[in-house]
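>>> got a sequence here, can you build the structure:
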Amino acid sequence: MRRPLRQVRTNTPEPTDLHPAWLPPEVWAAIGARRTLICGQGLLIDTVQAEVEQAADRYGGTARRITAEADLPPADLVLALAADLPRPRPADPPPTDSKATVAEAAESKPAALTPTDSEAAGVWAALAGARAELATAEALGAEDFVVTRHHGVTVVVAGAPAGLLYGLFEVVRLGESAFGRGHRVRVCRPVMARRMLDHWDNVEVHPVMGQVERGYAGGSIFWREGGPRGDRDRVTAYARLLAACGINAVAVNNVNVHATEARLLTERLDDVAELADLLRPYGIGVHLAVSFAAPVVVGGLPTADPLDPAVRAWWAETTSRVYARIPDFGGYLVKADSEGQPGPFSYGRDHADGANLLAEALAPHGGVVRWRAFVYNHRQDWRDRSTDRARAAHDHFAPLDGRFRDNVIVQVKHGPIDFQTREPVSPVIAAMPHTRLAVEFQVTQEYTGQQRHVCYLAPWWSEVLGFRPWGDQGGTVAEVAAGGGGLVAVSNVGDDRFWTGHPLAQANLYAFGRLCWNPGLRPQAVLDEWIDLTFAPDRCADPDLLRRTLHEIMDDSWRSYERYTAPLGVGFMVRPGHHYGPDVDGYEYTPWGTYHFADRDGVGVDRTRATGTGFTGQYPAPWSEVYESVESCPDELLLFFHHVPYDHLLHSGRTVIQHIYDTHFDGVREVEAMCRRWEWLARLVDPAVHARVTERLREQLRCAREWRDQVNAYFHRKSGIPDAHGRTLH
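Sure, this is the predicted structure:
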């Protein structure tokens, strides 16, 4: 029997021990101190009103919901759907410039709460100005909005409720500048229509991976020990954070679907629906990771063959039940025929057959299937150098281009291996022009310090998004994603009080959302936004020191991490299984296909067409030639594409072996500097935040020194070449 929908509460107070991340009360001050009018109807408009009311209650302003036909009171901020913009009537004050001068005089300050005729006239004039700008702008989409300011009134206009919600959070980001004389018109449209996070959360605690696979911030915020966690306030607070940075979809369970998780599709669907109810008021749609073998595992059929009529009928009926319970359900996420997960290969079918089966079931409801391209042989013979894990996704999927249904999104990791600190861009992104592709990142720091190390990833993501797979004459990775399935990332959130374990790791989650919205944003500018929202520097004793120090710690932290870990794009060198800390040969003689092939003569993987695995041939020109040649291959990717001697001279002028020594010493010195700089902020940030970051930085320094000593000692012993500077190499 279907349970009734619960009444959804919006904007519930956060638990007192839960860090507010980039939505502390202080960032609402500019809105909360002013008079706000909200015009429009719908669930998301209710959310907008609840947010503004809470801010007004705290800071002394007002929040009023009005209709297009109602009397128009004075206001400092108007949040309106375009269709509901109030229109003046003969009895209303005329929108003249002379009437607006009072409001203009106090341009950057909250107006007094006593209404005057001139203030009301200013509101009418502001609305008239907003209408004039809308008339010349491109039609607003479902998530688009315009922020403008006329006659002392800031106006946000959206075409649909989701746009107004995002417009509200844009005003939060702008703060007092949204109410200043110099505020310019801003037309805001998301570049990516699909902006998604994948939670690798298990309902049942996994004996190896625990409650959250590759999670470094505690347990799941959704599930606990086999059932729903039931923490409605935390899920609502999470939804607010996601909406505030632009995320509009989540998958609520692990792509590695185990027995309990498989039943979320059927008899445990109500558990998913409850999460959907909590996320919906903030415009977050729910997706579900499903097992390809679900017809067998939970449906009782003897087969999951995608071409079997009974299997097709089972998926159609099951999917209809999902939409009957969750009408705005987003679709399915599938990992198939990879790392032991079942898939169409068992029946002699290919990935297009498997994906199209689910797409057929979802199509009548407007849903999509996200089919991951992370498919490779994880039982390869390490002795066989012709087998190359990097080739696998292209080998499997490029021949299928054009065979996928329109509502299939092939989800491609941004690199060809596995979220390493440095990889080339996946050639699959350029190889499937007739298929909708989503580009996948990993916000959770599996190979980048596991949220025990500061590693701000936005500079790396920005490089990937700006990469041009076809050279200067072609489009970027961001353009491919925008025209297909958007961007998706593995979430880094857990039930830790700071959300991400390391408080500074929150910046990666915020930055991912913002780069989804606009991939052209500079990583430093995004970090500025996050700092201003999270730490409210202007309210501390030395705002310049706070901002400058956080930039000094974080701006280059990804490259610092790269310097003291695996060099020149070779990847891995981590401890097997948990992937934390150095183990140079940890995966060297295993079936996982993650080798560096270091010997006494050199290091690196030969992936050339001339003498290696041929992987370079999967790229279009010019990159196929750039990567093929040891002379033109970029230094930072040299060992990914080439096996070279230790005395090979890099473009930097250093030999490979000296680069390894130098960068590992440099990386440790940079972490030492991070630790010193963070101490300067002891009196400027929350003591609990300072204590947690201090603890994590100490571990980062210990681990960085271990990386330095193990990697340098390893290659010194392999090569027999001393450090040119005479440093201790153990």
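>>> host element of Asn202?
strand 201-206 (DSSP states H and E).
>>> show me where pLDDT drops low in the protein?
1-16, 69-70, 89-117, 182 (pLDDT under 70).
>>> remind me, longest helix of it?
Scanning the chain for the helix with the most residues, using DSSP state H, yields helix 687-719.
>>> before we move on, back to that, outside of the strand holding Asn202 itself, list whatever touches it.
209-213, 215, 220-223, 225-227, 252-254, 258-261, 264, 268, 271 (Cβ atoms under 8 Å, 6 or more residues apart in numbering). In short, each C-beta sits where N, CA and C put it, glycine included.
>>> redo that, cut-off 7 Å
Surrounding strand 201-206, the residues in contact under the criterion Cβ atoms under 7 Å, 6 or more residues apart in numbering are 209, 211-213, 220, 222-223, 225-226, 252-254, 258, 260-261, 264.
>>> show the subsequent helix or strand relative to it.
strand 210-212.
>>> which residues are contacting that next one?
Strand 210-212 has contacts (Cβ under 7 Å, 6+ apart) with Trp200, Asp201, Asn202, Val205, Gly219, Ser220, Trp223, Gly494.
>>> could you list the paired strands of it along with their orientation?
Looking at strand 210-212 with DSSP bridges, its paired strands and their directions are strand 201-206 (antiparallel).
>>> show the contacting residues for Tyr661.
With contacts defined as Cβ under 7 Å, 6+ apart, the neighbours of Tyr661 are Asn712, Asp723.
>>> next up, identify which helix or strand it is on.
Assessed by DSSP H and E, Tyr661 sits inside helix 656-680.
>>> angle of that helix against helix 687-719?
Angle between the axes of helix 656-680 and helix 687-719 is 170 degrees (criterion: axes from the mean of the first three to the mean of the last three Cα atoms, to 10 degrees).
>>> just the buried positions in helix 656-680, please.
Within helix 656-680, the residues that qualify as buried by neighbour count (16 or more other Cβ atoms under 10 Å) are 656-665, 667-668, 670-671, 674, 677-678.
>>> cool, stretch 710-718 as well?
Gln710, Val711, Asn712, Tyr714, Phe715, His716, Lys718.
>>> any idea how far Ala688 is from the residue nearest to His659 when sequence neighbours are not counted?
What sits nearest to His659 in space, not counting adjacent residues and going by Cβ to Cβ, 6 or more residues apart in numbering, is Leu650, at 5.9 Å. With the distance defined as Cβ to Cβ, to the nearest Å, Leu650 ends up 44 Å from Ala688.
>>> ok, the two, which is more surrounded?
A side-by-side neighbour count of Leu650 and Ala688, using other Cβ atoms under 10 Å, places Leu650 first with 16 against 13.
>>> I'd assumed Asn492 was in a strand, is it?
No. When DSSP: H, G, I helix; E, B strand; the rest coil is applied, Asn492 is found to be coil, with no strand at that position.
>>> which ones are touching it?
With contacts defined as Cβ under 7 Å, 6+ apart, Asn492 is in contact with Tyr216, Ala217, Val443, Thr444, Gln445, Gln451, Thr500, Ala505, Asn508, Leu509.
>>> so who does Arg385 touch?
Under the criterion of Cβ under 7 Å, 6+ apart, the contact list for Arg385 is empty.
>>> ok, Pro523 - how many residues close by?
By other Cβ under 10 Å, the residues close to Pro523 number 22.
>>> surely it and Leu457 touch.
No. Counting by Cβ atoms under 7 Å, Pro523 sits too far from Leu457 to count as a contact (8.8 Å).
>>> quick revisit: of the buried residues of stretch 710-718, which is the nearest to Val52?
Minimum distance to Val52 across the buried residues of stretch 710-718 is 53.4 Å, recorded for Val711 (Cβ to Cβ).
>>> hmm, the closest one is touching His664, no?
Yes. The pair formed by Val711 and His664 meets the contact definition of Cβ under 7 Å, at 5.6 Å.
>>> related to what we said a few turns ago, list just the nearest of the contacts of strand 210-212 to Trp470.
Comparing every one of the contacts of strand 210-212 with Trp470 (Cβ to Cβ), the shortest separation belongs to Trp200, at 32.8 Å.
>>> for that closest one, give its distance to Pro519.
For Trp200, the distance to Pro519 (Cβ to Cβ) stands at 24 Å.
>>> report the buried residues of stretch 305-319.
Asp305, Pro306, Asp308, Val311, Arg312, Trp314, Trp315, Thr318, Thr319.
>>> which of those residues lies closest to Tyr646?
Closest approach to Tyr646 among the buried residues of stretch 305-319 (Cβ to Cβ): Pro306, at 50.2 Å.
>>> what's the closest non-adjacent residue to the closest one?
Leu357 (3.8 Å).
>>> burial count for the one you found?
25.
>>> check which helix or strand it maps to.
With DSSP H and E as the criterion, Leu357 is inside helix 351-362.
>>> list the buried residues in the very next helix or strand once past that helix.
For helix 351-362, the succeeding helix or strand toward the C-terminus, using DSSP H and E, is strand 368-372. Applying a neighbour-count criterion of 16+ other Cβ under 10 Å, one finds Val368, Val369, Arg370, Trp371, Arg372 buried in strand 368-372.
>>> among those, which one lies nearest to Asp635?
Arg372 (31.1 Å).
>>> need the contact list for that closest one.
So Arg372 contacts Val255, Val334, Lys335, Gln411 (Cβ under 7 Å, 6+ apart).
>>> distance of it relative to Gln442?
Distance, Arg372 to Gln442, by Cβ to Cβ: 13 Å.
>>> what do you get for Gly122?
Computed as Cβ to Cβ, the Gly122 to Gln442 distance reads 49 Å.
>>> then Leu357?
Shown here: Leu357 relative to Gln442, a distance of 28 Å by Cβ to Cβ.
>>> how about Ala262?
Using Cβ to Cβ, one obtains 24 Å as the distance from Ala262 to Gln442.
>>> what angle do the helix holding Leu357 and strand 368-372 make?
For helix 351-362 and strand 368-372, the angle between their directions (the same axes, to 10 degrees) works out to 160 degrees.
>>> identify the farthest-apart pair in the buried residues of stretch 305-319.
Based on Cβ to Cβ, the longest span within the buried residues of stretch 305-319 runs between Asp305 and Thr319 and measures 17.5 Å.
>>> ok, which stretches of the stretch 301-450 of the chain are helices?
For the stretch 301-450 of the chain, the helices defined by DSSP state H, counting those that start in this stretch occupy 309-325, 351-362, 392-397, 428-431.
>>> mind listing what Ala75 touches?
With contacts defined as Cβ under 7 Å, 6+ apart, the neighbours of Ala75 are Arg35, Thr36, Leu37, Val123, Val153.
>>> that's all I had, so thanks and see you.
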